[in-house]
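Colleague: Requesting a structural model of the entry that follows:
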Amino acid sequence: VLLTHGHVDHVYSVTPVCGADTAAYIHPDDRYRLHDLLSQSNPGLVAMLEQQFGTAATWTEPTNVVEIVDGTRLTLAGMEVDVIHAPGHTEGSVMFGLDRVPDGIRDQVDVDRTMVTGDVLFAGSIGRTDLPGGDAAAMQRSLREKVLPLPDTTLVLPGHYQATTMAHERATNPYLRESSA
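Modeller: Here you go, the predicted model:
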């Protein structure tokens, strides 16, 4: 299971999924978040999870956590996945790049690669930097050095909301325009 960062809304279900010793991949700068996830989380968000699942929130750290760093290339399920460290939303935020696109997508948009951006880049926006571990200056560097160099033909799969493309974001996303100035 690839974790783009250690916030509760992105990792809460990882332990049930990884219960059979499946690896959970996370950047070392966010690894600490998995030790005691609920105490570090926004109480309102925890309450929302409890309402959604109909039970008190509990957390058990995954048994097989693999730390991944910038530049790592993973081979998972026959796919090559590149790890790109892009701090700003959290210290250990990463994006995952694939030199392929999901089936059926090429017929809809002109893309030839995929970037899973987590909470680094959204359609029309970026991830918050005012939460614990967030850093606005680091986010600007990540946008400038990691996101803006991506080709226009990159399909962007963010951690929230709809998919987009780098061509669309470069043309319309005010945060990318600000970072490129």
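Colleague: so how many other residues sit close to residue 99?
Modeller: 11 (other CB atoms under 10 Å). Heads up, the C-betas are built off the backbone N, CA and C, glycines and all.
Colleague: for residue 123, same thing?
Modeller: Around residue 123 there are 16 residues (other CB under 10 Å).
Colleague: can you check residue 81 too?
Modeller: 19.
Colleague: That one looks like it's in a strand, true?
Modeller: Yes: Residue 81 sits within a strand when classified using DSSP: H, G, I helix; E, B strand; the rest coil.
Colleague: Burial check on residue 69, number of neighbours?
Modeller: Neighbours of residue 69 using other CB under 10 Å come to 12.
Colleague: Now do the helices in the chain.
Modeller: Applying DSSP state H to the chain gives helices spanning 8-11, 14-18, 43-53, 136-142, 166-172, 174-180.
Colleague: Same list (those helices) but as TSV, adding mean pLDDT, distance to residue 117 and mean neighbour count.
Modeller: TSV is the format used below for those (pLDDT from 0 to 100; distance: least, CB to CB, whole Å; neighbours: other CB atoms under 10 Å):
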stretch	mean pLDDT	distance to residue 117	mean neighbour count
helix 8-11	84	12	19
helix 14-18	83	18	16
helix 43-53	82	20	13
helix 136-142	98	10	17
helix 166-172	97	10	17
helix 174-180	88	12	15
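Colleague: Out of the ones you listed, flag the one nearest residue 104.
Modeller: Counting by CB to CB, residue 104 lies closest to helix 166-172 out of the helices of the chain; the figure is 18.6 Å.
Colleague: The closest one packs against which elements?
Modeller: On a contact count with 3 or more CB pairs under 8 Å, 6 or more residues apart in numbering; DSSP states H and E, helix 166-172 meets strand 154-158.
Colleague: From residue 92, how far out is the most centrally placed residue in the chain?
Modeller: Taking CA atoms, centre = their mean, the centroid of the chain lies closest to residue 118, which sits 2.2 Å from it. Counting by CB to CB, to the nearest Å, the separation of residue 118 from residue 92 is 10 Å.
Colleague: likewise residue 156?
Modeller: Applying CB to CB, the value for residue 156 to residue 92 is 20 Å.
Colleague: Over to residue 45?
Modeller: Distance, residue 45 to residue 92, using CB to CB: 19 Å.
Colleague: Repeat that for residue 13.
Modeller: Residue 13 is 19 Å from residue 92, by CB to CB.
Colleague: okay, and the common contacts of residue 118 and residue 92?
Modeller: residue 5 (CB atoms under 8 Å, 6 or more residues apart in numbering).
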